[in-house]
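*Asks:* Pasting the sequence and the predicted coordinates here, then a few questions.
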Amino acid sequence: MVIDAKLQAFREEVLAFCARELPDELRERVARNQILEKEDYVFWQKRLHARGWFGGHWPEAHGGLGWSKLQQWIFEEALYSADAPWLIPFGRIYVGPIVYTFGNEEQKRRFLPGILNSDVWWCQGFSEPNAGSDLASLITRARRNGDHYVLSGQKIWTTMAQWADMIFVLARTSSEGKPQSGISFLLVDMKSPGVTVKPIETIDGVHHLNEVFFDDVRVPIENLVGEENHGWSYTKFLLTHERFLVAEISKSRRMIRELYALVQNAGDGSLLTDPYWQLKLAELEVDATALEALCEDFLEAFEDGNDPGVEVSYLKILGSELAQKISGVSMDVLGRYGHSYQCDALRPNFPEFGPRGAAGITREYLHGRATTIYGGSNEIQRNIIAKGALGL
Amino acid sequence: MSLFTRAELEHFEREVARVAERGGDAAHRVRGKDRRFSREDWKLYADLGWLALAIPRTFDGMGGGLADQLTIFHAAGRGLLIEPLIPSLVIAPALLQHLARADQQQDLLTRIATGDLTFAFAHTPSGVGDVESSFRAEFDRLSGGYRLQGQKRAVLHAEDVDRLLVTATAESDRDVSVFLLDPKAPGVRLAGYQMIDGQRAADVTCNDALVPPGDHLTEGDASCALQDALLAAAIATAAEAVGAMEGLNALCLTHLKTRTQFGRPLGQFQVLQHRMVDMAMAAKQARAVVKHAAQARDQALSGWHSIASAAKATAAKAGRFVGEQAIQIHGGLGMTDEYAAGHYFKRLLLLGAQYGDSVYHLRRFADERQTQAPSTPSN
């Protein structure tokens, strides 16, 4: 696919913006996959918002620039290649579009500005201990009681809930009929009495995930998005539209660049001339090139008005498995240094043994095992394609 | 020739498993920061005869071989033990029997058997050639001993053992030499930190660390001794990986049978059944080739070096596969620190790299293959 001159120029503009506006210190921390704090993410998002870009893909009517999927993709990929911090998706990609698509005017007024200016941090209340892949079987209950719901239950794997002001929750409002048809989409203030957040430490030694408990929490009915029992279809609609972004090709390319540097500096420096490593690195770059081509194909089809449908799930499968493969090869190189893992080295100015960025690479490998699990596991994605695209 | 009859071996395996797996949760020894091995546990192992198993009878040992020790290393993997078993029970005995004087062997090997002497091995971070990490040994005329200078990185258990076995290059010749070093000696500094699996290692820095003449082990060919010790350690490490894989597979199987989604146990989904079969198969095959390698070494079969590399390469590849798939099978639960799967996975990563990863051993295997058979002439 040929990207037209206008979008090329846009890409250059984004890169120039990053070079100018992204502090070196923050870029360095992102490049080394070190721990970022809430204020780091908010700082960067506010910078992008000042330029009008943070909600660029939102309709103009709701404070965005009405970008096409292609422009949004170019924007996100450019940010990755500039080592910019990850844009937190929970408000910008998930609940924001749901509110402006299915919410009422009052809700748009109350919630959209806070998402765009990053004054309000959102987290996602979907998974439960017994509702993982089978999310529709969720049991967190919202009982209608006059002018409010009483919410009780538990969500799990809630990313960054410890920083959140609001949580969007899929809750059961009916047990009649199919499980999917009894789920509602609620917006809950994290400061409501009865909301408790419990941290979950993950295998990378970092705290990002949490459990969120709802103990008879009052949720005003003004916080129900759309119609009761229609929450599942809103979620499906959203997921359908966001699958294009998940390949994260520029992130994989960045990881390959780091790997080259690692191989170059490993041992006596001769690894790069070793045919084994040359082929390994070439294979990874070939995989990234092929994935990028597929991504562009899908975007082109979408631009032409031919929605590729469920086949876009290929991007999630290929993207996550490529990233894991790159991480795995990086770990093969790090193994020569003995596999220390000093979590303190995930913070700036901590001297670490071994190649620069070893802790960040290890963290990426360990955390990256989740990419084939979250967002619909790759087994589920394959089921979706088998059924929806191949008719099996 | 095994020490055990079949019945004795089964009994021994049960006993060792019982000790290694006591405490319920497999990961309790490695979870959290700053986990150090306990001397009490080491004494328990001594009382149970684990430490004397492969020490020669002349030194009050049971005279067994590496194959007899496999039970212990499997258990170390399954129980996620954190003691310096491989340096103390494989590397030290191998190096000492090759390189130490008779009186030293008498003293040190009997003390290993009784649990009074633990070792760490300070060679390279991964235990094999690649990364620059060495001591220089300068002859000290006054004492007749050597001054060690330099830094060794990522020495497992260095902070907690009685002696380090260290390799160094003596200035006069470029060949490697082996020394016994007291980690508490003047001029030796340790800087400890955590490894990926929660065990502790340290960077060992020597600044004019004086080693008495007797602690320079020179009674044999150091290069030859090192190769033997490192390959034996590779087999033992592969055995530990097998144990970890088996522990991890057991968790996965239970999970597949008990976790329900979409109204039925996950184990009813064919994709997961086949995945579990592949994991069980990988562990079983690794176990077999590790046993084969240990027996080949005990019998000093020509070519045992290649079989050792085959075993290590197989176990490393299998360990990576089983570890990664186990997390996938467990979903979000597998990603938590609280659950044991992630700890097995991280131990398998460490074991996969120690004493040579699969690339290193494939290379070794290929090199030996080249020296055995002339290359086929091209047409």
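*Replies:* Sure thing, it's come through. Numbering: from 1, shown residues only, chains lettered A, B, ... in the order given.
*Asks:* Would you map the strands across the stretch 51-200 of chain B?
*Replies:* Taking DSSP state E, counting those that start in this stretch as the criterion, the stretch 51-200 of chain B contains strands spanning B:119-122, B:135-140, B:145-156, B:163-170, B:176-181, B:188-194, B:200-211.
*Asks:* so can I have TSV of the ones you listed showing mean pLDDT?
*Replies:* Listed next are the strands of the stretch 51-200 of chain B as TSV, based on pLDDT from 0 to 100:
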stretch	mean pLDDT
strand B:119-122	97
strand B:135-140	91
strand B:145-156	93
strand B:163-170	93
strand B:176-181	94
strand B:188-194	94
strand B:200-211	95
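*Asks:* Can you say which of the ones you listed is packed in most?
*Replies:* strand B:119-122 (a mean of 28; mean count of other Cβ atoms under 10 Å in any protein chain shown). For every residue, glycine as well, the C-beta is placed using N, CA and C.
*Asks:* name the helices or strands packed onto that strand?
*Replies:* Secondary-structure packing of strand B:119-122 (3 or more Cβ pairs under 8 Å, 6 or more residues apart in numbering or on different chains; DSSP states H and E): strand B:145-156, strand B:163-170.
*Asks:* Would you mind getting the angle between the last one and strand B:188-194?
*Replies:* Think strand B:163-170. Per axes from the mean of the first three to the mean of the last three Cα atoms, to 10 degrees, the angle that strand B:163-170 makes with strand B:188-194 is 120 degrees.
*Asks:* ok, is strand B:163-170 in contact with chain A or not?
*Replies:* No - judged by Cβ under 8 Å from any Cβ of the partner chain, strand B:163-170 and chain A are separated, with a smallest distance of 15.0 Å.
*Asks:* Direction included, what does that strand pair against?
*Replies:* Strand B:163-170 pairs in its sheet with strand B:119-122 (parallel), strand B:135-140 (parallel), strand B:176-181 (antiparallel), by DSSP bridges.
*Asks:* OK, contacts around the closest residue to residue B:246 other than its chain neighbours?
*Replies:* For residue B:246, ignoring the flanking residues on the chain, the nearest one in space by Cβ to Cβ, 6 or more residues apart in numbering or on different chains is residue B:283 at 5.5 Å. By Cβ atoms under 8 Å, 6 or more residues apart in numbering or on different chains, the residues touching residue B:283 are B:242, B:245-246, B:249, B:318, B:322.
*Asks:* could the helices and strands packed on strand B:119-122 go into CSV alongside distance to residue A:271?
*Replies:* CSV is the format used below for these (distance: least, Cβ to Cβ, whole Å):
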stretch, distance to residue A:271
strand B:145-156, 18
strand B:163-170, 23
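*Asks:* coming back round to it: which stretch among the strands of the stretch 51-200 of chain B comes nearest residue A:370?
*Replies:* Among the strands of the stretch 51-200 of chain B, the nearest to residue A:370 by Cβ to Cβ is strand B:188-194 (21.6 Å).
*Asks:* Run through who's touching the closest one.
*Replies:* By Cβ under 8 Å, 6+ apart, strand B:188-194 touches A:340-343, A:353, B:33-34, B:158-159, B:181-183, B:200-207, B:209.
*Asks:* Could you do stretch A:60-68 as well?
*Replies:* Taking Cβ under 8 Å, 6+ apart as the rule, stretch A:60-68 contacts A:52-53, A:55-59, A:75, A:96, A:100, A:108, A:112-113, A:116, A:303.
*Asks:* how distant is it from the center of its chain?
*Replies:* What separates the centre of stretch A:60-68 from the centre of its chain is 21 Å, taken as Cα atoms, centre = their mean, to the nearest Å.
*Asks:* again with stretch A:169-184
*Replies:* Its chain's C-alpha centre lies 25 Å from the corresponding centre of stretch A:169-184 when counted by Cα atoms, centre = their mean.
*Asks:* try stretch A:19-31
*Replies:* Remark: stretch A:19-31 is offset 20 Å from the chain centroid, using Cα atoms, centre = their mean.
*Asks:* Please apply the same query to stretch B:310-328.
*Replies:* 16 Å.
*Asks:* What segments of chain A are strands?
*Replies:* Listed in chain order, the strands of chain A (DSSP state E) span A:122-125, A:141-145, A:148-155, A:166-172, A:183-189, A:195-201, A:207-220, A:224-225.
*Asks:* among these, which is nearest chain B?
*Replies:* Closest approach to chain B among the strands of chain A (Cβ to the nearest Cβ): strand A:195-201, 4.1 Å.
*Asks:* Each with direction, which strands does that closest one pair with?
*Replies:* The strands beside strand A:195-201 in its sheet (DSSP bridges) come out as strand A:207-220 (antiparallel).
*Asks:* Name the residues of the strand it pairs with that come out as buried.
*Replies:* For strand A:207-220, burial by neighbour count (16 or more other Cβ atoms under 10 Å in any protein chain shown) applies to A:208-214, A:217-219.
*Asks:* check contacts around the residue nearest the centre of chain B.
*Replies:* The structure's chain B has its C-alpha centroid closest to residue B:237; by Cα atoms, centre = their mean the separation is 3.8 Å. For residue B:237, the contacting residues are B:73, B:86, B:312, B:315, B:351, B:354-355, by Cβ under 8 Å, 6+ apart.
*Asks:* quick check, it in a strand?
*Replies:* No - per DSSP: H, G, I helix; E, B strand; the rest coil, residue B:237 lies outside any strand segment and is helix.
*Asks:* All the helices of the chain, in order from the start?
*Replies:* Picked chain A for this. A:5-21, A:24-31, A:38-50, A:69-81, A:89, A:96-102, A:105-116, A:231-242, A:249-265, A:275-303, A:313-334, A:358-368, A:378-388 (DSSP state H).
*Asks:* The intended chain is chain B.
*Replies:* B:6-20, B:39-47, B:66-78, B:85-86, B:92-99, B:102-114, B:222-258, B:270-298, B:304-330, B:341-353, B:358-372.
*Asks:* Among the helices of chain A, show the one with the smallest mean pLDDT.
*Replies:* Lowest mean pLDDT within these: helix A:231-242, at a mean of 84.
*Asks:* outside of that helix, which residues touch it?
*Replies:* Helix A:231-242 has contacts (Cβ under 8 Å, 6+ apart) with A:93-94, A:97-98, A:101-102, A:126, A:136, A:170-171, A:180-181, A:183-186, A:225-226, A:376.
*Asks:* Same check on stretch B:8-23?
*Replies:* Stretch B:8-23 is contacted by residues B:2, B:4, B:29, B:44-45, B:48, B:50, B:71-72, B:75-76, B:78-79, B:81 when judged by Cβ under 8 Å, 6+ apart.
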